[in-house]
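Q: pasting the sequence and the predicted coordinates here, then a few questions.
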Amino acid sequence: MVLPGGLAGLHTARARGGANGPPGPPPGLREGVPLRAFCSLGVGGPAALLARAQSAGEAAALASCAESRGLPWMVLGKGSNCLFDDRGFPGLVIVNAIDFIEPLGSAEPDSGGAAGGGGEELVRVGSGVMVDALARDTARRGLGGLQFAVGVPGTVGGAVYMNAGAHGRDTWGALESVEYVTGAGTTAEMRRGDPEWDPGYRHSPFQKMPGAAITAATLRLMPDPGAREEARRNLEGRRRTQPVHERSMGCVFRNPPSEQQSAGALIELAGLKGRMVGGAAVSEVHANYLINADGAASGADMLELVRTVQREVRERTGVELREEVQVFSYDDCLAAFE
């Protein structure tokens, strides 16, 4: 999605051409680039095509070019919640390099339901900005709203797409608006209070909008003298309880909505800490992290371990764990294209 940290999604279309034919190939297009170099897990085969986008216009042009040729396309941020097939991706991967931070000054009083008692500041950021760096910077300046994201290894676009959150906060709680482009080359904006503005736990409206790629977000941040200290505590807690030095996708499974125990606790209850499939392993530090233990795990190893965890947790506890990460099956991509 834009997403993963960021991922924006998979989009397909039939070639449609026109009187003048489809647009020419954009500059900087590369063939057969291994995706393992573009995701935190270090797993994945080659992208059929890959290019970088440094602006919304470039992202729109690349997406439009792919759609005009009937190619699947996706936008990839940091790739911190992506599991790619060993065969790669059979279309165009647009690497999100839309990296800017634009302070907009004081916000008008909010009428759309956002929390805050006045004195908020608006900040517009590119979807390729690293959310950890943004969270650290805003907390240092005494602005609250993103403290939960310190240490999160993804982009703003990915955090928006997945509605990343922790410590009782989430990304959409700090959003004022989201800008995006479509494969048709159009630009649009979704604002707080719009009918389609319906985020939830690890859910955003963009997960139901195939063909939309997030390019920028405007955040409403409130003065908070304790933001820096809270961010420090959150980062220390993350380092203490998560395998931050291992290759992983972050938390793999969503916490079940009606259970008292988290996904990690259920995996541990099923006795799966340390379970291995090839080079893939359930972390001994946090059971909801599946790691590339020796750096040589394959996509097949990781996917088999995901399915093993789901099956054994279901058999032991009766709970069906749902993936939080984005799994890209080569065959599913081709099937969607057809």
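A: Right, received. Where do you want to start? Numbering: from 1, shown residues only.

Q: so what secondary structure elements neighbour the longest strand seen in the chain?
A: Counting residues, the longest strand found in the chain (DSSP state E) is strand 212-223. With contacts defined as 3 or more C-beta pairs under 8 Å, 6 or more residues apart in numbering; DSSP states H and E, strand 212-223 has these neighbours: strand 7-11, helix 56-68, strand 121-126, strand 143-144, helix 156-162, strand 175-182. Just so you know, the C-beta spots here come from the backbone N, C-alpha and C atoms, and that holds for glycine as well.

Q: out of these, nearest to residue 279?
A: With C-beta to C-beta, the closest approach to residue 279 among the helices and strands packed on strand 212-223 belongs to strand 7-11: 23.0 Å.

Q: what's the first helix or strand after the closest one?
A: strand 30-34 (DSSP states H and E).

Q: and the next element down the chain from that following strand?
A: strand 46-53.

Q: what bits of the stretch 1-150 of the chain have low per-residue confidence?
A: The model of the stretch 1-150 of the chain has pLDDT under 70 over residues 1-27, 109-118.

Q: please redo it, this time with the cut-off set to 50
A: Scanning the stretch 1-150 of the chain for pLDDT under 50 picks out 1-23, 111-116.

Q: over to the stretch 201-338 of the chain?
A: Judged by pLDDT under 50, no stretch of the stretch 201-338 of the chain qualifies at all.

Q: which residue ranges form the helices in the stretch 151-300 of the chain?
A: Secondary structure of the stretch 151-300 of the chain (DSSP state H, counting those that start in this stretch): helices located at 156-162, 227-241, 263-269, 299-317.

Q: ranking the ones you listed by burial, who's on top?
A: Looking across these with neighbours counted as mean count of other C-beta atoms under 10 Å, the highest average goes to helix 156-162: a mean of 34.

Q: now for that one, which elements pack on it?
A: strand 7-11, helix 131-140, strand 212-223.

Q: list phi and psi for residue 120.
A: Note on residue 120: backbone dihedrals following degrees, to the nearest 10 are phi -70, psi 160.

Q: any idea how far residue 175 is from the residue nearest to it when sequence neighbours are not counted?
A: Nearest residue to residue 120, sequence neighbours excluded (C-beta to C-beta, 6 or more residues apart in numbering): residue 107, at 4.2 Å. Here the distance between residue 107 and residue 175 works out to 12 Å (C-beta to C-beta, to the nearest Å).

Q: quick one: common contacting residues for these two?
A: Taking C-beta atoms under 8 Å, 6 or more residues apart in numbering as the contact rule, residue 107 and residue 175 both touch residue 220.

Q: more neighbours: which of the two?
A: With neighbours defined as other C-beta atoms under 10 Å, residue 107 and residue 175 compare such that residue 175 has more, 24 against 20.

Q: quickly list the domain ranges of the chain.
A: The record's domain parsing of the chain by automatic domain parsing lists 7-97, 101-228, 253-322.

Q: next, format these as JSON lines and append distance to residue 331.
A: Below are these laid out as JSON lines (distance: least, C-beta to C-beta, whole Å):
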{"stretch": "domain 7-97", "distance to residue 331": "8"}
{"stretch": "domain 101-228", "distance to residue 331": "18"}
{"stretch": "domain 253-322", "distance to residue 331": "12"}
